[in-house]
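> Please work out how this folds:
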Amino acid sequence: QVQLVESGGGLVQAGGSLRLSCVASGRTFRSYAMGWFRQAPGKEREFVAAIRGGWDNRQYYVDSVKGRFTISRDNAKNTVYLQMNSLKAEDTAVYYCAAGPNPATINQGAEYDYWGQGTQVTVSS
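Next up is the predicted model:
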């Protein structure tokens, strides 16, 4: 069983930055792929970014955040981060952290076994 706890959300002006953190319980963290998803009001959940586990560490991003967001992980701290720069109003959403044993399709939420409760990010224009 893996428990995930996100933090770091908040209110920021457009053009600003935030760093989200997700702390995972359990000894299998380093082998799990970690993903960030978001859901805006009235919209479906959307893939944002992911990073492979083990020795892989490949990173993946949705096109709309490439060049602005960076996902990273610190296996010693069981933590995955999402650095978000140049934020836009359309980035406003609840951001969720997810973990899975190396999903075949990294951007599909159904491939992840564990989810956090989410953290609100609001970008004012």
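> CA only for contacts and neighbour counts going forward, please
OK.
> For residue 65, give me its contacts.
residue 48 (C-alpha atoms under 8 Å, 6 or more residues apart in numbering).
> Distance of it relative to residue 9?
17 Å (C-alpha to C-alpha, to the nearest Å).
> who are the neighbours in contact with the closest residue to residue 1 other than its chain neighbours?
Closest residue in space to residue 1, ignoring its immediate chain neighbours: residue 26 at 7.0 Å, by C-alpha to C-alpha, 6 or more residues apart in numbering. Residues in contact with residue 26 (C-alpha under 8 Å, 6+ apart) are 1-3.
> Also residue 14?
86-89, 123-125.
> could you dump those residues to JSON lines with distance to residue 77, neighbour count and pLDDT?
Conversion of the contacts of residue 14 to JSON lines gives the following (distance: C-alpha to C-alpha, whole Å; neighbours: other C-alpha atoms under 10 Å; pLDDT from 0 to 100):
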{"residue": "86", "distance to residue 77": "27", "neighbour count": "15", "pLDDT": "98"}
{"residue": "87", "distance to residue 77": "26", "neighbour count": "23", "pLDDT": "98"}
{"residue": "88", "distance to residue 77": "30", "neighbour count": "19", "pLDDT": "98"}
{"residue": "89", "distance to residue 77": "31", "neighbour count": "15", "pLDDT": "97"}
{"residue": "123", "distance to residue 77": "28", "neighbour count": "20", "pLDDT": "98"}
{"residue": "124", "distance to residue 77": "32", "neighbour count": "16", "pLDDT": "97"}
{"residue": "125", "distance to residue 77": "34", "neighbour count": "11", "pLDDT": "90"}
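> Now tabulate these in TSV and tack on distance to residue 56.
Putting these into TSV (distance: C-alpha to C-alpha, whole Å) gives the following:
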residue	distance to residue 56
86	28
87	28
88	30
89	33
123	33
124	36
125	37
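> No further queries at this time; thank you.
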